[in-house]
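Enquirer: Task: produce atomic coordinates for the following.
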Amino acid sequence: MRRKILTSLAALVVAGGAQAQSGYTVETLAEGLDRPWGVAFLPDAGDLILTKRGGAVVLWDAERGITPLSGAPEVVAEGQGGLLDIAVAPDHAETGHVYMTWVGAVPGGTTTHVGRARLNRDAGALVDLEVLHAVSPGMRGGAHFGARIVFDDGYLYAGFGDRGSKDFSANHISQDLRSENGAVIRLTLDGAIPEDNPFIGHDGAAGAIWSYGHRNIQAMTVHPETRAIWLAEHGEAGGDEVNIVERGGNFGWPLASFGVTYRGGDEFAPPHREGDGFVAPVHHWPAGRSDHNPPSGMVFYTGDAFPDWRGHLLLGNLFHRYLGLWAQEGDGLREVARLLDGADLRIRDVAVGPDDGFIYVLADGAGVPLLRLVPE
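Expert: Okay, the predicted model is just below:
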């Protein structure tokens, strides 16, 4: 089903008053989705594969709309947990693999898992599901699982949250190299830990860790030119960040942050500053609950449908309910436009059509749509 819900958005809401594009039209590709979380394109078909946080995986194609798949992993869909990200393997044409992150039960509580299965389109199923990695340690609580996946140079990178720990001292779990919570990990496509990971051989350190000191990673993408991995993560009552991942880098949480406490708005840590030993974000939002911009889902625009936007970053906003269009400016980012502003939709994920260059947007919540932005 395709239905145009907005005939024209020629007058974009644009930061600084500059016009970024003559306009776009929004099409509804599916409606009534229950808590969708991740979306990815299947190669050579123009079809999408989506996760729902309650534990379902579905396909979308232009002819049949949404069709369910069997064989999804068993999940614990409590709090912020459940079935989370999905990513199509770089060798999908040969293997049929899709990779997923999900929350499942382990001794001591729950944890985020990374796994893969083969997509059998004819059977309408995911088959040969296997767990490649379970984040250690498992913990009790239902917050800050992350978790996003990207691929680069034959490796898998996955980013996780800190499980909601409120210990703002140097003992915080995100600063503990024995813990993979609050970290980005790097694995081979088969789930093995590469021997050149930065903390291999460090006493007690988890060998899978690539970077650490993160709070709650909700978006990851690979820059199309530099191949650097970019991520976006939620801060504490503001202080949300966009970061460029560095091998072995400590991104400071909670010892350096632009956020404040939820109770009273007190500063609990100094902001990032030069020489503090932590990797500073490429962009951050102000402190304070009313100003926070919790991001979710991002991708660099590389299509031809919107030539003015090529090279810009598309970044979802959960609280203020729009899809941000951001330009790289010097060493930072500048917001150019707020797409879908006024549609009253929390934005969960975004993807760019590899063939048509259209922008596919997944809303967040119960009974929400899958949308597509096309040129006016």
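Enquirer: my read: L255 touches F278, true?
Expert: Yes - contact criterion CB atoms under 8 Å: L255 and F278 qualify, at 7.0 Å. Every C-beta, even on glycine, is put in place using the N, C-alpha and C of the backbone.
Enquirer: neighbour count winner among these two?
Expert: Comparing L255 with F278 by other CB atoms under 10 Å, the one with more neighbours is L255, at 21 against 17.
Enquirer: before we move on, back to that, overlap in contacts, L255 and F278.
Expert: Here L255 and F278 have G213 as joint contacts, going by CB atoms under 8 Å, 6 or more residues apart in numbering.
Enquirer: Okay, strands next: where are they in the stretch 1-150 of the chain?
Expert: Listed in chain order, the strands of the stretch 1-150 of the chain (DSSP state E, counting those that start in this stretch) span 3-6, 24-33, 36-41, 48-52, 56-61, 65-69, 83-88, 97-106, 109-120, 125-134, 146-152.
Enquirer: Which strands or helices does the last one pack on?
Expert: In this case it means strand 146-152. strand 83-88, strand 97-106, strand 109-120, strand 155-160, strand 217-222, strand 229-233 (3 or more CB pairs under 8 Å, 6 or more residues apart in numbering; DSSP states H and E).
Enquirer: Save those strands as CSV, and put in mean pLDDT too.
Expert: Listed next are the helices and strands packed on strand 146-152 as CSV, based on pLDDT from 0 to 100:
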stretch, mean pLDDT
strand 83-88, 98
strand 97-106, 98
strand 109-120, 98
strand 155-160, 98
strand 217-222, 98
strand 229-233, 98
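Enquirer: low pLDDT regions in the chain?
Expert: For the chain, the stretches with pLDDT under 70 are 1-22, 288-292.
Enquirer: Find the centremost residue of it, please.
Expert: Centroid-nearest residue in the chain: A219, 2.3 Å away (criterion: CA atoms, centre = their mean).
Enquirer: Name the residues linked to that residue by a beta bridge.
Expert: On the basis of DSSP bridges, A219 takes part in beta bridges with A232.
Enquirer: and it, what does it touch?
Expert: A219 neighbours (CB under 8 Å, 6+ apart): 148, 231-233, 295-298, 315-316.
Enquirer: ok, now T112?
Expert: Taking CB under 8 Å, 6+ apart, one finds 84, 101-103, 134-135, 145-147, 160 in contact with T112.
Enquirer: I'd guess S174 is in a helix, am I close?
Expert: Yes - secondary structure of S174, determined by DSSP: H, G, I helix; E, B strand; the rest coil: located in a helix.
Enquirer: State the distance from it to A134.
Expert: Going from S174 to A134 by CB to CB, to the nearest Å gives 18 Å.
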